[in-house]
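Undergrad: predicted model, plus sequence, below.
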Amino acid sequence: MPELPEVEVTRRSFATAIAGARIEAVMMGKPLRWPLGCDPQLLGGQQVVGLRRRGKYLLLDMNQGVLLLHLGMSGSLRFAADMPEAGVHDHFDLVTDRGTLRLHDPRRFGAVVYAPSENSPAAAKLLGGLGMEPLSEEFLLPTFQAGLKKSRMPIKQLLLAGRVVVGVGNIYASEVLFLSGIRPTTVASRIGPARVHKLHQAIRSVLARAVEMGGSTLRDFSNAEGMAGHFQTAANVYGRDGQPCHVCGTAIELIRQGQRSTYFCRQCQRP
């Protein structure tokens, strides 16, 4: 599933190219997770003002309204001046005078939703419950610590929930907990100030490094220019069950939390 680093990498790969483009047409394929929310023809003639990200959503600002794009479980975006004919898994084309933005989504859990503004009910329903942005100045340590103190959830599952901080997906949660020396099953409220500080720093550093490395490509993720990510090659624990820890040599363990795979080192990460 594309997480914050993959979505940010995707955004950076075509944000400059599409800014200022005029929308000429919208082509819809099979239904996606949610309806578009407007007549596709109403988007014709609008100008793209810019491209932002909030959590795992891309926000395509237009001179009238905003398109919220979500990649779902297996979606990817392409932006090119010369796009081939749409295939069976291509479900949305935004045709502009600078190229076509296409959503390719075999499982159709992705979405493209129109909202009159970011504050309208349609947008607030999707964005309203999101936590702090970890790569922004709003990711404050005191607020983060207060959010952990309120929760009795295991820290790994709290991070995945995205209510305190967004974007720490399954791969990255395992990695940041390893770097901060915290067992993924530890109850969030029991983590002391020193380890919360290490976790806060690890979230920033891991996600920033993942963006620099183009995200993680475990199956088929690639950015809007078709380039794969490489963060998975630098993982300390994720996907390494049974292999020796890079720090202490103990075999990396694999457990299931909330139907998700969790990797950790029993020696380096304490409850």
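TA: Everything's here; your move.

Undergrad: so for the helix or strand containing residue 142, what gets flagged as buried?
TA: In this structure, residue 142 is located in helix 141-149 according to DSSP states H and E. Across helix 141-149, burial judged by 16 or more other C-beta atoms under 10 Å covers 144, 145, 147, 148. Glycine gets a C-beta too; all of them are placed from N, C-alpha and C.

Undergrad: list the helices and strands that helix packs on?
TA: Applying 3 or more C-beta pairs under 8 Å, 6 or more residues apart in numbering; DSSP states H and E, one finds that helix 141-149 contacts helix 193-212.

Undergrad: and the angle from the helix it packs on to helix 141-149?
TA: Angular relation of helix 193-212 and helix 141-149 on a 0 to 180 degree scale: 110 degrees, by axes from the mean of the first three to the mean of the last three C-alpha atoms, to 10 degrees.

Undergrad: contacting residues around helix 193-212?
TA: 4-5, 8-9, 12, 134-135, 139, 141, 144-145, 148, 155, 165, 167-168, 172, 175-177, 179-182, 191, 216, 229, 231, 234 (C-beta atoms under 8 Å, 6 or more residues apart in numbering).

Undergrad: now a ChimeraX select for only the buried ones of these.
TA: This is the ChimeraX syntax for the buried subset of the contacts of helix 193-212, where burial follows 16+ other C-beta under 10 Å:
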select :4,5,8,9,134,135,139,144,145,148,155,165,167,168,172,175,176,177,179,180,181,182,191,216,229,231
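
Undergrad: please flag which of the contacts of helix 193-212 sit within helices.
TA: 4-5, 8-9, 12, 141, 144-145, 148, 155, 172, 175-177, 179 (DSSP state H).

Undergrad: closest to residue 271 among the residues you listed?
TA: Among the ones in helices among the contacts of helix 193-212, residue 155 lies closest to residue 271 (C-beta to C-beta), at 10.2 Å.

Undergrad: quick one: contacts for the closest residue to the closest one other than its chain neighbours?
TA: Leaving aside its chain neighbours, residue 155 sits nearest to residue 188 (4.7 Å; criterion: C-beta to C-beta, 6 or more residues apart in numbering). Contacts for residue 188 (C-beta under 8 Å, 6+ apart) come out as 148, 149, 151, 152, 153, 154, 155, 158.

Undergrad: so which of the residues you listed is the closest to residue 254?
TA: residue 154 (15.5 Å).

Undergrad: residues in contact with that closest one?
TA: 184, 185, 186, 187, 188, 257.

Undergrad: got the residues you listed as TSV, with distance to residue 45 and secondary structure columns?
TA: Shown next, in TSV, are the contacts of residue 154 (distance: C-beta to C-beta, whole Å; DSSP: H, G, I helix; E, B strand; the rest coil):
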residue	distance to residue 45	secondary structure
184	50	coil
185	54	coil
186	54	coil
187	54	strand
188	49	helix
257	48	strand
